[in-house]
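Colleague: using only what follows, build the 3D model:
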Amino acid sequence: MLRKLSLLSLFLLTGFLVTQARAADSTIDRDVVYGTVGDLKLLADVYSPAEKSDAPRPVVLLVHGGGWRGGNKQAGTVVAIGKMLAKQGYVAVSINYRLVKDGADGQIENQWPAAIDDCRQAVRWIRENAEKLNIDPTKIGAAGDSAGGHLVSLLGATDAAKAGEPSTRVQAVVNIYGPGDLTKDWTKYEISANVAVQEMIDRFLKKGNQENQIAASPTLHVDDKSANFLILQGGKDQLVPPSQTEALHEALKKAGRKSEFVLYENDGHGFGPATGLQALMKAMTFFERELKGESAAK
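Modeller: Residues are numbered from 1 along each chain as shown. Reported below is the predicted structural model:
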């Protein structure tokens with residue numbers, strides 16, 4: 001979605017993140033091919049702890065935001081967070097995925113389901129390369145903000161695997177103000193960017209395509225197999241209203257899944273530095289519990 005300043009950028013403003021992400025603590029393999037679409041190579045950056053381990057590590061997939069039309073895996077803030085996760089003993093995989101854009105023939109390219117197809121391919125690739133990456137394929141988390149939060153929520157709520165294929169579902173999700181129900185008419189929300197966001201959704205899903213709207217709405221697909229979630233939301237968000245993430249949270253609880261909903265009353269779409277640090281610590285604690293702690297053993 002449109003953002004005044006992404007949460008990832010605000011994390012970088014906290015000296016904590018910078019000091020925790022020293023280069024000596026991690027290694028980075030850049031532009032690793034995790035899939036192909038025609039002649040297009042889908043690329044990922046893989047962050048690993050510098051210290052070797054005999055035991056497989058948990059892994060976190062990082063999916064950037066940007067309204068399904070912008071952003072990339074190599075922003076300085078994404079690099080810093082990848083390094084921080086590696087320092088804490090995770091493998092982090094930050095991906096580029098196909099973005100909505102205007103084509104040379106006047107048609108809109110990379111509309112639904114291109115973005116989620118790429119994210120699901122990244123999960124398949126992680127599982128298929130578990131031994132090479134030294135990761136545990138049963139302990140995969142995913143985190144994203146805004147449009148990235150929407151995409152990782154779909155990874156936690158659904159599984160697109162066919163018979164004999166690796167699962168595309170992750171086990172733990174951090175959704176940072178990512179929308180959950182794209183069947184809603186955004187112009188009815190009393191937020192300043194309601195029309196602009198609806199236009200983005202229409203470009204992403206093909207305007208008026210109800211089948212796509214339903215398929216792209218994680219809230220509508222939650223069941224008892226869904227991942228556990230941490231949902232972080234600003235109370236004054238003018239792009240994704242709190243009712244969107246609250247509904248996702250309630251659907252998860254109704255399905256018997258663990259979901260923690262944190263509302264930062266005075267923050268909008270893009271947290272302030274103090275809130276960004278709190279949110280980061282929440283996310284790290286959540287992944288420690290879900291991918292390393294008692295929940296991961298279940």
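Colleague: quick check: His46 is in a strand.
Modeller: For residue 46 the amino acid is Val, not His. Yes: judged by DSSP: H, G, I helix; E, B strand; the rest coil, Val46 forms part of a strand.
Colleague: need the three-state assignment for the residue minimising distance to the centre of the chain.
Modeller: Nearest to the geometric centre of the chain sits Gly144, at 2.7 Å (C-alpha atoms, centre = their mean). Using three-state DSSP, the structure places Gly144 in strand.
Colleague: beta partners for the residue nearest to it when sequence neighbours are not counted?
Modeller: Take Gly144 and drop its neighbours on the chain: the residue closest to it by C-beta to C-beta, 6 or more residues apart in numbering is Val63, 3.7 Å away. Any C-beta I mention is one placed from the backbone N, CA and C, and that applies to glycine too. In this entry, Val63 is beta-bridged to Ile95, Gly144, by DSSP bridges.
Colleague: and Val63, what does it touch?
Modeller: Residues in contact with Val63, defined by C-beta atoms under 8 Å, 6 or more residues apart in numbering, are Ile95, Tyr97, Cys119, Ala142, Ala143, Gly144, Gly148, Leu151, Val152.
Colleague: what's the most distant pair in those residues?
Modeller: Distance extremes for these: the farthest pair is Tyr97 and Ala143 at 14.5 Å, using C-beta to C-beta.
Colleague: so where do the strands sit in the stretch 101-250 of the chain?
Modeller: Along the stretch 101-250 of the chain, the segments classed as strands by DSSP state E, counting those that start in this stretch run 101-102, 108-109, 135-145, 172-176, 228-234.
Colleague: ok, which of those comes nearest Ser192?
Modeller: Of the strands of the stretch 101-250 of the chain, the one closest to Ser192 (C-beta to C-beta) turns out to be strand 228-234, at 13.2 Å.
Colleague: now do the residue nearest to Gly144 against Val174, distance only.
Modeller: 10 Å (C-beta to C-beta, to the nearest Å).
Colleague: cool, Ser243 as well?
Modeller: Noted for Ser243: a distance of 20 Å to Val174, by C-beta to C-beta.
Colleague: sorry, back to before: JSON lines for the strands of the stretch 101-250 of the chain, including distance to Gly35?
Modeller: Formatted as JSON lines, those follow (distance: least, C-beta to C-beta, whole Å):
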{"stretch": "strand 101-102", "distance to Gly35": "19"}
{"stretch": "strand 108-109", "distance to Gly35": "17"}
{"stretch": "strand 135-145", "distance to Gly35": "16"}
{"stretch": "strand 172-176", "distance to Gly35": "21"}
{"stretch": "strand 228-234", "distance to Gly35": "26"}
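Colleague: out of those, nearest to Lys73?
Modeller: Closest approach to Lys73 among the strands of the stretch 101-250 of the chain (C-beta to C-beta): strand 135-145, 11.6 Å.
Colleague: noted, bye for now.
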